[in-house]
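1. sequence plus the predicted model coming up.
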There are 2 protein chains.
Amino acid sequence: MISSIAELIADRIGTMPAGERRAAQTLIASYPMIGLKTVAEFSTAAGVSSPTILRFVARLGFQNYPEFQSSLQDELAAQLQSPAIRTLNPPSPGGGTASPMLEATLDNMRETFRHLSDKQLADIAARLAERRGKTFLIGGRFTDPLARYMAAHLAVIQPDVFHLAGQESMWRDRLIDMSKRDVLVIFDIRRYQDSLVRFAEKAHQRGVQIVLFTDQWLSPIARFARHVIAGRTAVPSAWDSSAALFVVAETLIGAVTRQLEADGARRIREMEGLR
Amino acid sequence: MISSIAELIADRIGTMPAGERRAAQTLIASYPMIGLKTVAEFSTAAGVSSPTILRFVARLGFQNYPEFQSSLQDELAAQLQSPAIRTLNPPSPGGGTASPMLEATLDNMRETFRHLSDKQLADIAARLAERRGKTFLIGGRFTDPLARYMAAHLAVIQPDVFHLAGQESMWRDRLIDMSKRDVLVIFDIRRYQDSLVRFAEKAHQRGVQIVLFTDQWLSPIARFARHVIAGRTAVPSAWDSSAALFVVAETLIGAVTRQLEADGARRIREMEGLR
DNA sequence: CAAAATACGTAACATACGATACAGCGCTCC
DNA sequence: GGAGCGCTGTATCGTATGTTACGTATTTTG
């Protein structure tokens, strides 16, 4: 079974003429970067002519050079998405069903935060901590609990936080209440729900600022969103994992809380008193 | 110090107009693969026009698109040559607001699973996968979303899954429906809610098996619970973190799903058909 | 509310890229 | 030693790609 292009080359390099073999060796030497460059660069690096490179990729079974490059890119993408599998891990001692799941989840979180700058989080937190306007939260079939979770916390530390629950018709009516001073936090991962997309679009038209929690493939709502948080969701399970998004949500909750405390919000102190 | 393009984007994304921000978010979401493709592909993926992509890379300081791609490739090449750096941890000890929170959360998860044997999880999963009897889920003020999340998934793969929502009086009435064949999943972390404790006690008296998700200090409900999952909740924040419990919940959902698939549950297959 | 500035997309353009035809060279095998 | 075959590079071509100019829409500012 041949799964990577590198293996394919190793398999056929024996049957190649001299020029193409040089191409093959050059590619293997700094795999796969040279293959992502232009034919001209590849050819000079290998010390052969452009047509030789093209004959080389043709011999590997590709119709043309772009197709070859796409394959390399797909391979790279697959590698990058599962860093754990390559590098760490003798499948940890437990060997049970839980471990791979946990490892994948931890990786998801690291990856999610790697692509998420402190500044971005701070911006969102600052916006959520702004007192003007209302905050609405809503989620999809499986992610609505995340919206609820966030709403439950935010509602404690500031007024005018609303979780949009129930039927679509219910929250559509709430659109009337929304203006450009308001923020709408949406959770939407695959399979993206049409009803949510429609709702987001209408809210966007009303000037509402949208904060979107989605997966790495980006819900169509990203088009209308002011802020997009793309979390990793892939785990060895029949379901996608929302754990990374959950952690981001918690982080945001913490940041907003801190912000409001820093602002000396009277509400926080009053609350302390009530306990 | 800005070393990667991803950081560069994070740094400037705040000052970008809407279209370019979409481009930025799209790139970050599947970093850096989209950037290696053509402008046309990039633009359609981001839902903007080609010129917007070019303006985007121009704003990042690149003279033209190929130069931008070269930078991405160089970055990739550097990464591939030292894969260890990726796994050995977040390049940002940057003392930002996110990092300590994330680190604490990851630690919580490791600790939680360290004290949680595979067997224990398997037992609970097996119990939840049993067809006889019903499954009820409920949570506290901040943890009820976790109950909802779990219920949303379990309800898909098996019948008779109920999330207990609304007022206390509401679910107290549901006690009548519960018998010793049933399972009650409760989420309860500090400050433990009296109403939940009372409810758990009554359910326990009716012979209902209780699965408790709580924190390391154990809710009083632990006295009545058949299974106790103690998650770590401490994070540098004003709030406790339910993230570890969330991950355990997801793990359980996955385990139950697998179990039912293994049992050849007709329901699963029928569901596939309905899609 | 008006006017200016900014941002975005459509469409035309130029270039650089991959593809191909062809000729020269070397190698092998009679 | 000569003829045939195969491999490689040069030169040319067509096209897909990045680029730019301009008009429209949208937002911001006075």
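-> Okay, I see it.
2. check the burial of the nearest residue to residue A:133 once chain neighbours are set aside by counting its neighbours.
-> Spatially, and ignoring its direct neighbours in sequence, residue A:133 is nearest to residue A:181 (3.3 Å; CB to CB, 6 or more residues apart in numbering or on different chains). All C-beta atoms are positioned from the backbone trio N, CA, C, and that covers glycine. Neighbour count for residue A:181, taken as other CB atoms under 10 Å in any protein chain shown: 12.
3. which SS state does residue A:181 fall under?
-> Classification of residue A:181 by DSSP: H, G, I helix; E, B strand; the rest coil places it in coil.
4. now do the contacts for it.
-> By CB atoms under 8 Å, 6 or more residues apart in numbering or on different chains, the residues touching residue A:181 are A:132, A:133, A:134.
5. what's it sitting at in phi/psi?
-> Backbone torsions of residue A:181, given as degrees, to the nearest 10, read phi -80, psi -10.
6. from residue A:213, how far out is residue A:59?
-> From residue A:59 over to residue A:213 the distance is 47 Å, taken as CB to CB, to the nearest Å.
7. and what about the residue in the stretch 151-275 of chain A that DNA strand D sits nearest to, helix, strand or coil?
-> The nearest approach of the stretch 151-275 of chain A to DNA strand D comes at residue A:207, 7.2 Å away (CB to the nearest atom of the strand). Secondary structure for residue A:207, judged by three-state DSSP, is coil.
8. go ahead and confirm it touches residue A:180.
-> Yes. With contacts counted by CB atoms under 8 Å, residue A:207 reaches residue A:180, the gap being 3.1 Å.
9. ok, now which ones touch residue A:263?
-> With contact set as CB under 8 Å, 6+ apart, residue A:263 has these partners: residue A:129.
10. pLDDT wise, what is residue A:266 at?
-> Per-residue pLDDT puts residue A:266 at 68.
11. to clarify, my last question referred to residue A:117.
-> With respect to pLDDT, residue A:117 has a value of 85.
12. do stretch A:196-216 and chain B meet?
-> Yes. Judged by CB under 8 Å from any CB of the partner chain, stretch A:196-216 and chain B are in contact via residue A:216.
13. got the CA coordinates for that stretch in CSV?
-> Coordinates of each C-alpha in stretch A:196-216 appear next as CSV, following Å, rounded to 0.1, in the frame of the first residue of the first chain:
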residue,chain,number,x,y,z
LEU,A,196,-28.6,30.0,12.2
VAL,A,197,-27.1,31.3,9.0
ARG,A,198,-30.3,33.1,8.1
PHE,A,199,-30.6,34.5,11.5
ALA,A,200,-27.0,35.7,11.5
GLU,A,201,-27.5,37.3,8.2
LYS,A,202,-30.5,39.2,9.3
ALA,A,203,-28.8,40.3,12.5
HIS,A,204,-25.8,41.4,10.5
GLN,A,205,-28.0,43.5,8.3
ARG,A,206,-29.3,45.2,11.4
GLY,A,207,-25.7,46.1,12.2
VAL,A,208,-25.3,43.7,15.1
GLN,A,209,-21.7,42.7,15.7
ILE,A,210,-21.3,39.0,15.5
VAL,A,211,-18.8,36.9,17.4
LEU,A,212,-18.7,33.4,15.9
PHE,A,213,-17.5,30.2,17.5
THR,A,214,-17.0,27.7,14.8
ASP,A,215,-14.8,24.9,13.6
GLN,A,216,-11.7,25.0,11.5
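14. how far does it sit from the chain's center?
-> Stretch A:196-216 sits 17 Å away from the centroid of its parent chain (CA atoms, centre = their mean, to the nearest Å).
15. pLDDT of it, averaged?
-> In the prediction, stretch A:196-216 has an average pLDDT of 92.
16. ok, now how distant is the residue most central in space within chain A from DNA strand C?
-> Computing the C-alpha centroid of chain A and ranking residues by CA atoms, centre = their mean puts residue A:216 first, at 2.6 Å. Separation of residue A:216 from DNA strand C (CB to the nearest atom of the strand, to the nearest Å): 22 Å.
17. ok, now which ones touch that residue?
-> With CB under 8 Å, 6+ apart, residue A:216 has these contacts: A:230, A:231, A:232, A:233, B:29, B:30.
18. ok, 10 Å please
-> When contacts are counted by CB atoms under 10 Å, 6 or more residues apart in numbering or on different chains, residue A:216 is found next to A:81, A:108, A:111-112, A:115, A:189-190, A:230-234, A:244, B:28-31.
19. just those: which are in helices?
-> A:81, A:108, A:111, A:112, A:244, B:28, B:29 (DSSP state H).
20. TSV please, covering the residues you listed and showing neighbour count.
-> Below are the ones in helices among the contacts of residue A:216 laid out as TSV (neighbours: other CB atoms under 10 Å in any protein chain shown):
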residue	neighbour count
A:81	16
A:108	23
A:111	23
A:112	22
A:244	30
B:28	25
B:29	22
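21. restricting to C-alpha, output stretch A:13-26 in CSV.
-> In CSV, the C-alpha atoms belonging to stretch A:13-26 read as follows (Å, rounded to 0.1, in the frame of the first residue of the first chain):
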residue,chain,number,x,y,z
ILE,A,13,13.0,5.6,-8.7
GLY,A,14,14.7,2.5,-10.0
THR,A,15,13.0,2.6,-13.3
MET,A,16,13.7,6.2,-14.0
PRO,A,17,16.2,7.7,-16.4
ALA,A,18,19.0,9.7,-15.1
GLY,A,19,17.5,13.1,-15.3
GLU,A,20,14.3,12.2,-13.7
ARG,A,21,16.2,10.4,-11.0
ARG,A,22,18.0,13.6,-10.1
ALA,A,23,14.7,15.3,-9.9
ALA,A,24,13.4,12.5,-7.6
GLN,A,25,16.5,12.7,-5.4
THR,A,26,16.3,16.5,-5.2
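22. so does it get close to DNA strand D?
-> Yes. Using CB under 7 Å from any atom of the strand, stretch A:13-26 reaches DNA strand D at A:17, A:18, A:19, A:20.
23. just the buried positions in that stretch, please.
-> Residues of stretch A:13-26 classed as buried by neighbour count (16 or more other CB atoms under 10 Å in any protein chain shown): A:16, A:19, A:20, A:21, A:22, A:23, A:24, A:26.
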